[in-house]
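Fold the following and give me the result.
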Amino acid sequence: MAQKIRKAVFPAAGLGTRFLPATKATPKEMLTLVDKPLIQYSVEEAVASGIESILIITGRDKSSMEDHFDISFELEQVLKERGKDDMLQLVRSVAKLANINYTRQGEALGLGHAIYQAKGFAAGEPFATLLPDDIVDSEKPALKQMIDVFEKYDAPVIATMQIEGEAISRFGVIDAEEVEPNVFKVRDMVEKPPFAEAPSDLAIIGRYIFTPDIFAAIETTKPGAGGEIQITDAMRLLLKDRPFYAVKLDGIRHDAGDKLGFLIATVEFALKRNDLGPEFREFLKGLKF
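Presented below is the predicted three-dimensional model:
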């Protein structure tokens, strides 16, 4: 029987260079979709999927993430004095979301290196990993879809989405056999293949469930370009010794780490809001192109 997934890791030590100058002093993970920072969407997804403890891998100048999920006595007192009870409850709810821990990645040496910082936190348990700038809008939380597969097959699980055409070359891609609708047993993974050589149209996105043996695989993974340790390389090593599964997620994935993807996500999330959607929709209809 598969061990329960209780823990989740959030690598958030990157420099956010695609969003400069906005990210010069503000962590990319704290950029907001409408009125909520990117990382909060993923933390809420994890909590809704049954996660009990979270580790955020941070770096220099990332303290605003810790402040965001902490209690803010001064702000709460001001809101209380002004009778703004709804806002007070909203602020308090963020601090109560989950048991959140933090550790620093001294150098940005790749996603594999970042995940390795969670070895002590995982403490021999399987764990989820979520990339905060991958936002998945779905009725059933994306991570819960993956946990269901993990519990059935008791093996690492990768999230994928279908990518049409040459855009597939920007992703890691799986070579896999479908074992049930939208669930695949992985044969291999290829990092950013040329379109003509892509083994499928299923691209790996920023959601993973790992078993503890991923750490030994990372330890034996040689650094790639730029001296970075790539998690795909570590997964391929582990794939030689144990099965991996992939889920084609039911939902819409937004690459909020990309400027265009961030803008699209902002529009779509705003349109879904009852307090903003109707007026915003009318505004968009009135635009002249």
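
which ones are touching residue 243?
Contacts for residue 243 (CB atoms under 8 Å, 6 or more residues apart in numbering) come out as 153, 155, 185, 186. C-beta coordinates here come from the backbone N, C-alpha and C atoms, glycine included.

where does it land in three-state SS?
Under the three-state scheme (DSSP: H, G, I helix; E, B strand; the rest coil), residue 243 adopts coil.

What separation do you get for it and residue 144?
Noted for residue 243: a distance of 21 Å to residue 144, by CB to CB, to the nearest Å.

correct me, but residue 92 touches residue 75?
No: at 10.0 Å, residue 92 and residue 75 do not qualify as touching, with contact defined as CB atoms under 8 Å.

All the helices of the stretch 101-250 of the chain, residue numbers only.
111-116, 119-122, 142-153, 214-219, 231-239 (DSSP state H, counting those that start in this stretch).

distance between the shortest one and the chain's centre?
Centroid displacement of helix 119-122 relative to its chain, using CA atoms, centre = their mean, to the nearest Å, is 18 Å.

Then the longest one?
Centroid separation for helix 142-153 versus its chain: 15 Å, with CA atoms, centre = their mean.

helices and strands around it, which ones?
Where contact means 3 or more CB pairs under 8 Å, 6 or more residues apart in numbering; DSSP states H and E, helix 142-153 is packed against helix 38-48, strand 127-130, strand 157-162, strand 202-210, strand 245-248.

which parts of the third one are buried?
Burial within strand 157-162, assessed by neighbour count using 16 or more other CB atoms under 10 Å, is assigned to 157, 158, 159, 160, 161.

For the first one, name its beta-bridge partners.
Here residue 157 shows beta-bridge partners residue 209, residue 245, assigned using DSSP bridges.

from here on, count from 6
Understood, numbering begins at 6; the last thing we discussed is residue 162.

one step back: any chance of the helices and strands packed on helix 147-158 in a markdown table, with mean pLDDT and distance to residue 275 too?
Formatted as a markdown table, those follow (pLDDT from 0 to 100; distance: least, CB to CB, whole Å):
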| stretch | mean pLDDT | distance to residue 275 |
| --- | --- | --- |
| helix 43-53 | 95 | 14 |
| strand 132-135 | 97 | 23 |
| strand 162-167 | 96 | 22 |
| strand 207-215 | 96 | 23 |
| strand 250-253 | 97 | 27 |
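
Can you tell me which of those is nearest to residue 102?
Across these, residue 102 has its closest neighbour in helix 43-53 (5.8 Å, CB to CB).

in the stretch 156-294 of the chain, which segments are predicted with low confidence?
Residue ranges of the stretch 156-294 of the chain with pLDDT under 70: 230.

switch the cut-off to 90
Counting by pLDDT under 90, the stretch 156-294 of the chain contains low-confidence residues at 169-172, 174-177, 195-202, 227-233, 235, 262-263, 293-294.

Tell me the pLDDT of residue 72.
pLDDT for residue 72: 90.

Assign a three-state SS to it, would you?
Relying on three-state DSSP, one would call residue 72 helix.

how deep is it tucked in, by neighbour count?
10 (other CB atoms under 10 Å).

Return the residues in contact with it.
Residues counted as contacts of residue 72 (CB under 8 Å, 6+ apart): none.

And it, how close does it get to residue 293?
Residue 72 is 42 Å from residue 293, by CB to CB.

Please apply the same query to residue 272.
Look at residue 272 and residue 293: by CB to CB, they are 17 Å apart.

quick one, which of those two is more surrounded?
Neighbour count, other CB under 10 Å: between residue 272 and residue 293, residue 272 has more, with 15 against 3.

Just name the closest of the buried residues of strand 162-167 to residue 107, please.
Lowest distance from residue 107 to the buried residues of strand 162-167 (CB to CB) belongs to residue 164, with 24.1 Å.

If I follow the layout properly, that closest one ends up in contact with residue 208?
No: with contacts counted by CB under 8 Å, residue 164 stays clear of residue 208, the gap being 9.6 Å.

Count the residues that sit near the nearest residue to residue 282 once chain neighbours are set aside.
Spatial nearest neighbour of residue 282, chain neighbours left out: residue 276 (4.9 Å); criterion: CB to CB, 6 or more residues apart in numbering. Neighbour count of residue 276, defined by other CB under 10 Å: 13.

Distance of residue 276 relative to residue 244?
Distance, residue 276 to residue 244, by CB to CB: 40 Å.

Repeat that for residue 110.
Separation of residue 110 from residue 244 (CB to CB) stands at 25 Å.

which one of the two has more residues nearby?
Counted by other CB under 10 Å, residue 110 and residue 244 do not tie: residue 110 has more neighbours, with 21 against 16.
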